[in-house]
Structures are given as structure tokens and as C-alpha cells.
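Undergrad: I would like the atomic coordinates for the input below:
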Amino acid sequence: MSRVIAVAGLPGSGKTTIAKIIKSRGYDYYSLGDVVRAEAQRSGMPPDRAAVALRLEKGKRAVAHGLLKNVKTHTKIVIDGVRSLEEVETLEEVFGHVTLIYVVASRKTRYKRLAGRGRGDDPATYSQFLMRDIRELRFGLADLLARADYILVNEDKSLEELEKEVDRIL
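TA: Numbering: from 1, shown residues only. Modelled structure (predicted):
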């Protein structure tokens, strides 16, 4: 029987940190962001534009379908970065029930994390950060909050505290 956990949240909320903790508990890790970054590299577009283009050209399920091409197991999986109900539904069509963890953090905390992360697709200014939030919410990210099985508040928590919270959820 498979156990699939999907992790969602706005940029800088700590999705990847939570997903990597779950990975360390014996889950295979997959990232929807990796699908978008691969498409960006293939198309020559920045990742944010590639994400929008992929979803506009191939539909809201395109990124999830791209991820599923790479999934090699159906036992214990954690999927980082779901953005819409359609992506979760796509995963459920393949795996059955998907447990959704929605990670939240304040705008101030998320901006600080992104500013210090150093990834090429991170916003350089606060207005770029706010525009990215709007784009992410338009993908359907806000709808996932109502669908979440667990809401994890990642505000001023140590890694040890996050690990305890993840272990409680698992």
C-alpha cells in the first residue's frame, strides 16, 4: 500500500525543509519545482515564466503529469511544491489518497528566507516577492489550504521543533 504526502505553501514557507524531513524518514522525494526548472532550462525561459507557460499551454495538471513520468515507486513518497487542487487530484488518480500538508509562515518571514536563499528565481525586491505571491495564488495555492489534512505553522521554529511536528503528523 502506498503512502503519498504532498507539501504545499507559498514561496519561503518552508515546504522543502518539511519535505526533506519527511524524506529523512524513509520517503522517496520528488519536487514539482524540479519539473518547472527542467522546463525552464529546456525552453530558455526563467523558471517563473516557464511555470506559467507550461500551465497555460498544457493545463493545470501539466506539472504533475511531468513529475509522474519520473516517479519510480508507489510505496512511500513525498512530493514537494503542489500548487493546485488539480495537481493533487492528478496525484490521487495515480496513488489513491494523498495526505496534504500546507506549510504557512508570515510574509515578513518568507521574504527574509527568500532574500537569503540565493536561488536564481528568488525575487530581488519586495514588490517582486508580492507579485510572485499573487502568481502562486492564481495557480490555485489558496484553494489547497481548505483541502489540507494538516496545516503546519513554520514561524520561528527550530529544525528540531519542525522534526517533532513532522513526526507527529507521520
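
Undergrad: low-scoring stretches of the protein, by residue?
TA: Where the chain drops to pLDDT under 70, the residues are 1, 120.

Undergrad: since we're on Thr109, how many residues are nearby?
TA: The number of residues packed near Thr109 is 16, by other C-beta atoms under 10 Å. All C-beta atoms are positioned from the backbone trio N, CA, C, and that covers glycine.

Undergrad: same check on the one 5 residues further on?
TA: Burial measure for Leu114: 20 neighbouring residues, criterion other C-beta under 10 Å.

Undergrad: quick one: Asn70 and Ser31 touch, right?
TA: No. If you go by C-beta atoms under 8 Å, Asn70 and Ser31 don't touch, sitting 9.7 Å apart.

Undergrad: the more surrounded of those two?
TA: It is Ser31, of Asn70 and Ser31, that has more neighbours when counted by other C-beta under 10 Å, with 18 against 11.

Undergrad: if I read this right, Ala51 contacts Ala62, doesn't it?
TA: No. Assessed by C-beta under 8 Å, Ala51 is found out of contact with Ala62, at 9.7 Å.

Undergrad: out of those two, which sits in the more crowded spot?
TA: Ala51 (25 against 21).

Undergrad: residue boundaries of the strands in the protein?
TA: Here the chain has its strands, by DSSP state E, at 3-8, 28-31, 76-82, 98-104, 150-153.

Undergrad: what angle do the third one and strand 98-104 make?
TA: So that's strand 76-82. 40 degrees (axes from the mean of the first three to the mean of the last three C-alpha atoms, to 10 degrees).

Undergrad: pull out the CA atoms of strand 76-82 and give them to me as PDB.
TA: Extracted as PDB, the C-alpha positions of strand 76-82 are listed here (Å, rounded to 0.1, in the frame of the first residue of the first chain):
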ATOM      1  CA  LYS A  76       6.300   6.000   0.500                       C
ATOM      2  CA  ILE A  77       6.600   9.200  -1.500                       C
ATOM      3  CA  VAL A  78       6.800  12.900  -0.500                       C
ATOM      4  CA  ILE A  79       6.000  15.400  -3.200                       C
ATOM      5  CA  ASP A  80       7.300  19.000  -2.700                       C
ATOM      6  CA  GLY A  81       5.500  22.000  -4.100                       C
ATOM      7  CA  VAL A  82       2.000  21.200  -5.200                       C
END
